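Asker: Quick one: sequence plus predicted model below, questions after.
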Amino acid sequence: MRKAPTQAMTVFGCFAKLCVVKCLLRLTSFRTTLRYCQGPTGSVVSEQWQANQEMVGDIVKNVTIAGTVFPGRARCLEQSLTLLACLRRRGVLAELRLGVRPYRFRAHAWVELDGVVLNDDPQQLAGMAVLPPVTV
């Protein structure tokens, strides 16, 4: 297994990754994009994320900033897939989560790590039916 980088990605790096994710979603399938974001099987280094809380927080912040300045619109799915890709390449075993609310239909995507929501307010997710973790 390879050694995971210990530094957070810069805002520019997150912006570039967001561009790649948005293009993949537009030009290929969700499955292909998710495969890219999850990284090659077996190459992700499992580490205790508590030891890397600062790095994880920096990546979450940088992806949020990149999504804010992204031309057009970077929706929750694009930002969550970008965050997943950035974390997985840093050895953090995060999961993409999807949820729906049937009445006044709303679908939403976010990233969790050990059951902790990283890129959203947990109260915003109240009333959503959470789907099982998505894997490919």
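Answerer: That came through, no problem. If you're wondering where the values come from, they're calculated on a predicted model, not measured in any experiment.
Asker: List the residues that contact residue 130.
Answerer: Contact analysis of residue 130 by C-beta atoms under 8 Å, 6 or more residues apart in numbering lists 97-99. The C-beta positions use only the backbone N, C-alpha and C, and glycine is treated the same way.
Asker: Which residue, neighbours along the chain excluded, lies closest to residue 17?
Answerer: Leaving aside its sequence neighbours, residue 17 sits nearest to residue 82 (C-beta to C-beta, 6 or more residues apart in numbering; 5.1 Å).
Asker: Could I get the contacting residues of that neighbour?
Answerer: Going by C-beta under 8 Å, 6+ apart, residue 82 touches 14, 17-18, 21, 37, 63, 66-67, 74.
Asker: Please apply the same query to residue 88.
Answerer: Residue 88 makes contact with 37-39, 44, 94, according to C-beta under 8 Å, 6+ apart.
Asker: Going along the chain, name the helices of this structure.
Answerer: Using DSSP state H, the helices of the chain run over 11-27, 30-38, 53-69, 76-88.
Asker: Could you pull up the mean pLDDT of the third one?
Answerer: Averaging the model's pLDDT scores along helix 53-69 yields 92.
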